[in-house]
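K.L.:
Pasted the sequence and its predicted model underneath.
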There are 2 protein chains.
Amino acid sequence: MDEKIEMATEEWTSMDSREWILSAYAEDGLPSSNHLKLKNIKLDSIPDLHVAIQVLWLSVEPYLRSRMTGHQDGLYLPPFDLNQVVTTCGVGRVIRSKDGNYKEGDMVVNYLSPVAEYCVVPSHLLRKVDSDAGLPLPAYVSALGIPGFAAWVGIELLGKPKPRENVFISAAAGGVGMFAGQLAKLKGCRVIGSTGTDEKVKLLKEEFGYDDAFNYNKEIDLDAALTKYFPSGIDIYLDNVGGKMLEAVLNHINTRARIVACGMISQYNQPWSEREGVRNLLNIVGKEVRMEGFMQSSYLKDHFGEFAKEMVSYMKQGKITSKHKIYYGIESFLESLTSIFSSSNVGKVIIQVNKDDHDHEDNMEAHA
Amino acid sequence: MDEKIEMATEEWTSMDSREWILSAYAEDGLPSSNHLKLKNIKLDSIPDLHVAIQVLWLSVEPYLRSRMTGHQDGLYLPPFDLNQVVTTCGVGRVIRSKDGNYKEGDMVVNYLSPVAEYCVVPSHLLRKVDSDAGLPLPAYVSALGIPGFAAWVGIELLGKPKPRENVFISAAAGGVGMFAGQLAKLKGCRVIGSTGTDEKVKLLKEEFGYDDAFNYNKEIDLDAALTKYFPSGIDIYLDNVGGKMLEAVLNHINTRARIVACGMISQYNQPWSEREGVRNLLNIVGKEVRMEGFMQSSYLKDHFGEFAKEMVSYMKQGKITSKHKIYYGIESFLESLTSIFSSSNVGKVIIQVNKDDHDHEDNMEAHA
């Protein structure tokens, strides 16, 4: 433990931290240091029913981009307030509590964690990590966090896969994609993924059990690629990218196929009127396709328990593998966020906030 | 009865008729006399389990266009065979039968009726008109035919309307639209329609009970129109047109809305790559929209009976009104088909094949 924590656990006076604030909205293109700024702050009081947390792991999610535009569009999430801290799913350690249900040392998950080194938050936002499960902490922002849950809702609840169905997953090596493909394989499907590098194609096939995968930066004729990989057409498409890939899929879709619209990462950095239009939606009529969008948050209340039980069981049996791209230190947030919109990452992007806290790092890229 | 029928009912030798054949595929634009030709034919034998029919009423449907392109695209219906008769839903009178279940004078519905004056068809394609229902014959190609059934599947099975929900119907004065709006009203919804002339706007409000309607040729800023007519957003959209209207709707859609994709008439006359792209599909994610396409034929087996019972009941109670645009004579097929793709028609387009058969015409535009 570092000096700051020791001070905190003894007598709370005030505490230095750093947090990322949004200082200006980024209408299009990638957010930059013109929009996101790392700010020094002091935490100087803990109200009742609040706890102070040392943030350990933070999830870097594509959807965060859509909260930085200053208007509701597409995902319809509320924009972050200007000059306020940005939030994402995080795991941390309670270092001081003013809620009898939490004690120092408790590990907690917070879906609205400040992107900060330390924070003081209302305890009702927290969920305790079940230490008996024996899973590495990063799993709680990954397989057991938003990406794992989104993959599960998309494949199991909405995709309703039947054995031997043909499943296509875009952004397949990303946070949602890597779990979605594994879940579809566990249901007996034939699973193909698209991703942006040959290294990730290899990963999909060798680590995540995809039946096949292709690099969309090399096989740029998407129609030809889908003809090759789906000679019997596509029954389920988990769409993480939208745009041209969705259009190509619609030309290879089977009757009564399900398109589960999970996100459209190719479309987040433009105003909607400049996005790629999908011209062949008529196929949705002729092929009687059901295309359904979802936000994982809507399913948390009714389904998270069922999901967590299933996912923990899979993980303990070694049936679900994770791969993480780790950025170190709170200062890496901007870089890690923009990296998502390139093809440069392999696996789920997370930040290890305290560079020196290696407690859980050993498990990071191991199979759970 | 005319001379030809008398001959037929006495001793069958051969019989003159005229039928429309597709002589060349029309890749884009409207089909013309280069593609569709009226041909004189002779019917000279009736195989066992076939009947000879005098065709009385024919339904002119937008989907027929998609069977004239020579390839499967969009609706994925098989192209008509070249130099063979074109088929559509029709009502006719049995004039000679080689099936014990049918006798001369029986009125029958045939979903695959030749577009002809007379025809010889396998009897398994036929469904008898229930003369006890006392409904006018054109109803069987309209409220009780494909458009009525499509409207019912779209609104009741897939739209699942709840009272006071906001329902939007495009091509609202067309065959499907006029019934869809009335069915949604019967479910207690607020229903708004778009159509192409002021006359039809008036019809929607005054005859079909729409709460409001607008002329998309006048209110060309669709976004502004939807802002005006849907201050509380859209819960159900029955899409008959696709393209720009669908895009505009996606900017006004409520959370968990249903988009029922019934047809996309604005898109039938171009190859898919030249169609209007829809750029804001990301809204499907953020608003958790379910967009589902359907072909009414897939629902016939399981649901037609339930539909017919409900629709006949509504019609007898005067709760469903029909409006038809009648073309007279088999020679009018090409003109009536192309008319569907303009805004010129009011109501469901049908052909009365025998100009002199006025038996049922009196009921044509009356409320059922």
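P.N.:
Alright, I've got the coordinates. Residues are numbered from 1 along each chain as shown, chains lettered A, B, ... in the order given.
K.L.:
Distance from stretch A:55-72 to the middle of the chain?
P.N.:
Relative to the centre of its chain, stretch A:55-72 is centred 10 Å away, using Cα atoms, centre = their mean, to the nearest Å.
K.L.:
got it, and stretch A:146-155?
P.N.:
Taking mean C-alpha positions (Cα atoms, centre = their mean), stretch A:146-155 and its chain are 9 Å apart.
K.L.:
Same check on stretch A:139-148?
P.N.:
7 Å.
K.L.:
Same question for stretch A:189-203.
P.N.:
Worked out by Cα atoms, centre = their mean, stretch A:189-203 lies 18 Å from the chain centre.
K.L.:
Can you give me the end-to-end span of it?
P.N.:
19 Å (Cα to Cα, to the nearest Å).
K.L.:
Kindly report the same for stretch A:153-171.
P.N.:
Stretch A:153-171: ends 17 Å apart by Cα to Cα.
K.L.:
In that stretch, which residues are buried?
P.N.:
A:153-159, A:161, A:165-171 (16 or more other Cβ atoms under 10 Å in any protein chain shown). In this view, the C-beta of every residue, glycine as well, is placed from N, C-alpha and C.
K.L.:
ditto for stretch A:272-283
P.N.:
Quick answer for stretch A:272-283 (16+ other Cβ under 10 Å): A:272, A:275-283.
K.L.:
which helices and strands does the lengthiest helix in chain A pack with?
P.N.:
When chain A is scanned for its longest helix (criterion: DSSP state H), the result is helix A:300-316. Applying 3 or more Cβ pairs under 8 Å, 6 or more residues apart in numbering or on different chains; DSSP states H and E, we find helix A:300-316 packed against helix A:146-152.
K.L.:
what's in contact with the helix it packs on?
P.N.:
Defining contact as Cβ atoms under 8 Å, 6 or more residues apart in numbering or on different chains, one finds that helix A:146-152 is touched by A:59, A:61, A:89, A:111, A:142, A:174-180, A:183, A:238, A:262, A:296, A:299-300, A:304, A:307, A:310-311, A:320, A:348.
K.L.:
my guess is A:Q54 is in a strand, correct?
P.N.:
Yes: A:Q54 forms part of a strand when assessed by DSSP: H, G, I helix; E, B strand; the rest coil.
K.L.:
how about it, what does it touch?
P.N.:
A:5, A:92-93, A:95, A:117-118, A:353-354.
K.L.:
which of these count as buried?
P.N.:
Buried, going by 16+ other Cβ under 10 Å: A:5, A:92-93, A:95, A:117-118, A:353-354, out of these.
K.L.:
With adjacent residues omitted, what lies nearest to the residue in the stretch 251-368 of chain A positioned nearest to chain B?
P.N.:
In the stretch 251-368 of chain A, the residue that lies nearest chain B is A:G277 (1.7 Å; Cβ to the nearest Cβ). Distance criterion Cβ to Cβ, 6 or more residues apart in numbering or on different chains; nearest residue to A:G277, sequence neighbours excluded, is B:G277 at 1.7 Å.
K.L.:
thought the one you found was touching A:E274?
P.N.:
No: with contacts counted by Cβ atoms under 8 Å, B:G277 stays clear of A:E274, the gap being 11.6 Å.
K.L.:
any idea what sits nearest A:Q270, other than its immediate chain neighbours?
P.N.:
A:D28 (5.4 Å).
K.L.:
who does the very next helix or strand once past the longest helix of chain A pair up with?
P.N.:
As assigned by DSSP states H and E, the chain's next helix or strand after helix A:300-316 is strand A:324-328. Neighbouring strands of strand A:324-328 in its sheet, by DSSP bridges, are strand A:348-352 (parallel).
K.L.:
Give me the contacts around the partner strand.
P.N.:
So strand A:348-352 is in contact with A:56-60, A:138, A:141-142, A:147, A:174-175, A:178, A:322-330, A:332-333, A:336, A:339-340, A:361, going by Cβ under 8 Å, 6+ apart.
K.L.:
change it to 7 Å
P.N.:
Residues outside strand A:348-352 that contact it (Cβ atoms under 7 Å, 6 or more residues apart in numbering or on different chains) are A:57-60, A:138, A:141-142, A:147, A:175, A:178, A:322, A:324-328, A:332-333, A:336, A:339-340, A:361.
K.L.:
Same question for stretch A:323-340.
P.N.:
Contacts of stretch A:323-340 (Cβ under 7 Å, 6+ apart): A:18, A:20, A:30-31, A:33, A:36, A:38, A:60, A:62, A:64, A:115-117, A:138, A:142, A:178, A:203, A:207, A:345-353, A:355, A:364-365.
K.L.:
Cross the residues you listed against helices and list the overlap.
P.N.:
Short answer: the contacts of stretch A:323-340 in helices (DSSP H) are A:64, A:178, A:203.
K.L.:
which one of these has the most neighbours?
P.N.:
For the ones in helices among the contacts of stretch A:323-340, the largest neighbour count, defined by other Cβ atoms under 10 Å in any protein chain shown, is 34 neighbours, found at A:M178.
K.L.:
What count of nearby residues applies to the nearest residue in space to that one that is not next to it in sequence?
P.N.:
Closest residue in space to A:M178, ignoring its immediate chain neighbours: A:F208 at 5.5 Å, by Cβ to Cβ, 6+ apart. Neighbourhood size, A:F208 [other Cβ under 10 Å]: 26.
K.L.:
what sits against A:F208?
P.N.:
A:178, A:181-182, A:321 are the contacts of A:F208 under Cβ under 7 Å, 6+ apart.
K.L.:
repeat that for 10 Å
P.N.:
A:169, A:172-173, A:177-182, A:185, A:191, A:193, A:200, A:320-323, A:347 (Cβ atoms under 10 Å, 6 or more residues apart in numbering or on different chains).
K.L.:
ok, back up a step: can you add pLDDT and give the buried residues of stretch A:272-283 back as a markdown table?
P.N.:
Below are those laid out as a markdown table (pLDDT from 0 to 100):
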| residue | pLDDT |
| --- | --- |
| A:W272 | 85 |
| A:R275 | 87 |
| A:E276 | 87 |
| A:G277 | 93 |
| A:V278 | 95 |
| A:R279 | 94 |
| A:N280 | 93 |
| A:L281 | 94 |
| A:L282 | 92 |
| A:N283 | 94 |
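K.L.:
Contact partners for A:V129?
P.N.:
A:V129 touches A:91-93, A:106-109, A:135, A:137, A:139-140, A:144, counting by Cβ under 10 Å, 6+ apart.
K.L.:
Save those residues as CSV, and put in pLDDT, distance to chain B and secondary structure too.
P.N.:
Formatted as CSV, those follow (pLDDT from 0 to 100; distance: Cβ to the nearest Cβ, whole Å; DSSP: H, G, I helix; E, B strand; the rest coil):
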residue, pLDDT, distance to chain B, secondary structure
A:V91, 97, 26, strand
A:G92, 97, 28, strand
A:R93, 97, 33, strand
A:D106, 96, 33, coil
A:M107, 97, 31, strand
A:V108, 97, 28, strand
A:V109, 96, 24, strand
A:L135, 93, 29, coil
A:L137, 95, 29, helix
A:A139, 96, 25, helix
A:Y140, 96, 24, helix
A:L144, 95, 22, coil
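K.L.:
what's the offset of the helix or strand where A:L112 lies from the middle of its chain?
P.N.:
Using DSSP H and E, A:L112 falls within strand A:107-114. Computed by Cα atoms, centre = their mean, the chain-centroid distance of strand A:107-114 equals 14 Å.
K.L.:
hmm, who's touching the helix or strand just after that strand?
P.N.:
Downstream of strand A:107-114, the next assigned helix or strand under DSSP H and E is strand A:118-122. Contacts of strand A:118-122 with the rest of the structure, by Cβ under 10 Å, 6+ apart, involve A:4-5, A:8, A:12, A:15-19, A:41, A:43-55, A:85, A:87, A:90, A:92, A:95-96, A:98-99, A:108, A:110, A:112-114, A:330, A:353.
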